[in-house]
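> okay, sequence plus prediction incoming.
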Amino acid sequence: MILDLNYSLILHGSKYEDIIVEAYGGSTKLRLKELSTITTDGASALLIAPFDPSTIIDIEKGILKSPLGISPQTQGTRITIRIPPMSQEQRDKYVKLVGQMIEEKRSIIRNHRDDVRKKIRDEFEKKTLTEDDKYRLEKDIDTLTQKANEDIASVKAAKDTEIQQV
């Protein structure tokens, strides 16, 4: 899938699993996914089970220091993160984020298209391609680019609709 915007795993553009945790007294910096198992508990909560129970306090501190603005709840050897429902303002931010991600993907596609067109031009100048082959290949790459952009646009429309649903 081109976009991964599962709200239970992403909040404010950051992934929970990539939260940096200073473990073992601050001597080691690891991502949350390297220190624990992260599972969902319904649509609005995450359960974090550390591999090493001695890191639970470090994980809790890492979550609190993160820019996500969430409060973990420690229950024995597990941490629960409750995710509040999205406000309309957050939904609008996510729609904007999807737009930015879409534009990044379009830019990547354009760059690949331009690279291929340059290679085609170089091969034509080296006389390893005929003029007919050059035009056919350029048309093919333009068709593929257009198809990819249409696919991205449909993903964006679907994701925008999904985000706006209450």
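Nice, I can see it. Numbering: from 1, shown residues only.

> ok, so what distance separates residue 22 from residue 63?
12 Å (CB to CB, to the nearest Å). C-betas here are computed from N, CA, C, even on glycine.

> likewise for residue 120?
Note on residue 120: its distance to residue 63, by CB to CB, is 51 Å.

> likewise residue 131?
Taking CB to CB as the measure, residue 131 and residue 63 are separated by 61 Å.

> try residue 53
Relative to residue 63, residue 53 is positioned 16 Å away (CB to CB).

> more neighbours: those two, which one.
Applying other CB atoms under 10 Å to residue 53 and residue 63 shows that residue 63 carries more neighbours, namely 19 against 11.

> could you find the closest non-adjacent residue to the more buried one?
Among residues not flanking residue 63 along the chain, residue 72 sits closest, at 4.6 Å (CB to CB, 6 or more residues apart in numbering).

> and that neighbour, how many neighbours does it have?
Residue 72 sits with 20 neighbouring residues when counted by other CB under 10 Å.

> that's a strand at residue 30, yeah?
Yes - Residue 30 sits within a strand when classified using DSSP: H, G, I helix; E, B strand; the rest coil.

> most distant residue from the centre of this structure?
Among the C-alpha atoms of the chain, the one farthest from their average position, using CA atoms, centre = their mean, is that of residue 127, at 42.8 Å.

> quick check: mean pLDDT of the helix of greatest length in the chain?
Using DSSP state H to define each element, the chain has its longest helix at helix 88-125. Per-residue pLDDT values across helix 88-125 average out to 92.

> now for that helix, which elements pack on it?
Contacts defined by 3 or more CB pairs under 8 Å, 6 or more residues apart in numbering; DSSP states H and E place helix 88-125 against helix 131-164.

> got the domain ranges for this protein?
Listed domain ranges for the chain are 10-82, 88-164 (source: automatic domain parsing).

> start to end distance for the last one?
Distance between the boundary residues of domain 88-164 (CA to CA, to the nearest Å) amounts to 8 Å.

> off-centre distance for it?
Centroid displacement of domain 88-164 relative to its chain, using CA atoms, centre = their mean, to the nearest Å, is 18 Å.
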